[in-house]
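Novice: Generate coordinates for the sequence data below:
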Amino acid sequence: MAVAVAAPAANAGVTIYGKVHVSVDFTESGDDSVWAVKSRASRIGFKGTEDLGNGLSLVWKAETSYDFADGGAFGGGRNAYIGLTGDWGTFLYGRHDTPYKMAYYATGIDMMSDTTIDMNTLSGSGDIYFNQVRASNAIAYVSPNMNGLTFAGAIVPGEGSAAGDGLNDLYSVSAMYSNEGLKLAVAYENLEGDSGTFGSDNDWWDEKILIGGSYTMNDMTIALAYQDGEFAGTSTEALGLAFGYKFGNNKLVANYRYLEAEGYDVVDSWGIGLNHSLSKRSSAYVAYASHSLDSDIFVDNIDVDQFSVGMIHNF
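Specialist: Presented below is the predicted three-dimensional model:
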């Protein structure tokens, strides 16, 4: 994430890009079961740069969701910003992944993101384990890569909401490191008083801290992440473990997720998936996730199992 922001293309043209990710899912929830076709974070975007001279460039991006299952076009919620970049780093403002979210992905914990075994969701139905968001009205800075180390920070004005009316009512900071197969990240985010800046699903999060990392040796990757946060006045802890193994054009992924609130087991789940690369830009996968829910703090007391077959194409 940080590299994509801090090192844009050097030309001034407009690049059209996107991702098509659609799956066929069978879900059992309690006594109910259902088949569905789901578009999973599919998107289309436009981005560009302008060389201003003396090592300085203007950068911008406009990205929107696109539902390839129902045909719904141009939904909101994705990154859109303008900024400047140079040897000193990147400054931008608009809507962007918070530094906390950048750190989450920098850990390497989410090896099959947006699928049913995504590390931070319950069968793709919203943040349950690791809460990571984009921020509207954000003012952000991402440092250059310094021998594998990158820093990021963002402030968000409350704009007269319950969060306040100052310049830095909400904020997020992170540090990320990557070198020789080792990835490490730590982040802190304060959302106290937010009433929609980060999206309606995150109104109840006050603050949270993340620490995690991964190590890749040959074709094997092991990752670990931990989050301590406060949700609606309730202390929560989330733990994630993930294992990945590449062989040929395939990657096998297995993971485990656990969440507790004030000492009570809330969600306990595991997943396994196999991704097959069809080309450099296209892949197909099968995945299975099983969730055991022991509290109605977030959802009803039910178990959820989901089998998913999907295809992904990047353009």
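Novice: When you work out contacts or count neighbours from here on, use the C-alpha atoms and nothing else.
Specialist: Will do.
Novice: Longest strand of this protein, counting residues only.
Specialist: The residue-count maximum for a strand in the chain (DSSP state E) belongs to strand 14-29.
Novice: which is the next helix or strand following that one?
Specialist: strand 32-39 (DSSP states H and E).
Novice: Quick check: mean pLDDT of the helix or strand just after that following strand?
Specialist: Next helix or strand after strand 32-39 toward the C-terminus (DSSP H and E): strand 43-53. In this model, strand 43-53 carries a mean pLDDT of 96.
Novice: Also compute the angle for strand 43-53 relative to strand 14-29, please.
Specialist: 150 degrees (axes from the mean of the first three to the mean of the last three CA atoms, to 10 degrees).
Novice: mind listing what's buried in strand 43-53?
Specialist: Arg43, Ile44, Gly45, Lys47, Gly48, Thr49, Glu50, Asp51 (16 or more other CA atoms under 10 Å).
Novice: and the nearest residue to the last one once chain neighbours are set aside, how many neighbours does it have?
Specialist: For Asp51, ignoring the flanking residues on the chain, the nearest one in space by CA to CA, 6 or more residues apart in numbering is Ser57 at 4.5 Å. Under the neighbour criterion other CA atoms under 10 Å, Ser57 is assigned a count of 20.
Novice: low-confidence ranges in the stretch 51-200 of the chain?
Specialist: 74, 122-128, 160, 193-200 (pLDDT under 70).
Novice: these two touch, right, Ala41 and Ser65?
Specialist: Yes - between Ala41 and Ser65 there is a contact at 6.6 Å, judged by CA atoms under 8 Å.
Novice: ok, those two, which is more surrounded?
Specialist: Ser65 (22 against 19).
Novice: is the more buried one in a bridge, and if so with what?
Specialist: Arg43, Gly75 (DSSP bridges).
Novice: for it, what are its contacts?
Specialist: Ala41, Ser42, Arg43, Ile44, Ala73, Phe74, Gly75, Gly76, Gly77, Arg78 (CA atoms under 8 Å, 6 or more residues apart in numbering).
Novice: re the thing from before, and the longest strand of the chain, what other elements does it pack with?
Specialist: Judged by 3 or more CA pairs under 8 Å, 6 or more residues apart in numbering; DSSP states H and E, strand 14-29 is in contact with strand 32-39, strand 43-53, strand 303-314.
Novice: buried set for the last one?
Specialist: When neighbours are counted by 16+ other CA under 10 Å, the buried residues of strand 303-314 are found to be Asp303, Val304, Asp305, Gln306, Phe307, Ser308, Val309, Gly310, Met311, Ile312, His313.
Novice: all helices in this structure, in order from the N-terminus.
Specialist: For the chain, the helices defined by DSSP state H occupy 2-6, 99-106.
Novice: looking at it, Trp205 is touching Leu191, isn't it?
Specialist: Yes - using CA under 8 Å, Trp205 is in contact with Leu191, at 6.2 Å.
Novice: List only buried entries from the contacts of Ser65.
Specialist: Ala41, Ser42, Arg43, Ile44, Gly77, Arg78.
Novice: which one of the residues you listed is nearest Asp169?
Specialist: Proximity of those to Asp169 was ranked by CA to CA; the top entry is Gly77 with 20.9 Å.
Novice: Next one: the closest one relative to Val133, how far apart?
Specialist: Distance of Gly77 to Val133, computed by CA to CA, to the nearest Å: 10 Å.
Novice: cool, Ala238 as well?
Specialist: For Ala238, the distance to Val133 - CA to CA - is 16 Å.
Novice: Show the pLDDT at Pro8.
Specialist: 45.
Novice: same deal with the one 5 residues further on?
Specialist: The pLDDT attached to Gly13 in the predicted structure is 85.
Novice: repeat for the one 5 residues further on
Specialist: Gly18 carries a pLDDT score of 96 in this model.
Novice: and the residue nearest to Asp51, bridged to which residues?
Specialist: Beta-bridge partners of Ser57, as defined by DSSP bridges: Asp51, Thr85.
Novice: thought Val22 was touching Ala69?
Specialist: Yes - at 6.8 Å, Val22 counts as touching Ala69 under the criterion of CA under 8 Å.
Novice: quick one: buried residues of stretch 157-172?
Specialist: Residues Pro157, Gly158, Ala163, Gly164, Asn168, Asp169, Leu170, Tyr171, Ser172 are the ones in stretch 157-172 that count as buried (16+ other CA under 10 Å).
Novice: Of those residues, which is the nearest to Asn275?
Specialist: Among those, and counting by CA to CA, the member closest to Asn275 is Ser172, at 32.9 Å.
Novice: So that closest one versus Pro99, what's the distance?
Specialist: Per CA to CA, Ser172 is found 6 Å from Pro99.
Novice: Can you pull the residues that touch both of the two?
Specialist: With CA under 8 Å, 6+ apart as the test, Ser172 and Pro99 both reach Gly153, Ala154, Ala187.
Novice: What is the neighbour count of the first one?
Specialist: Residues contacting Gly153 under the criterion other CA under 10 Å number 22.
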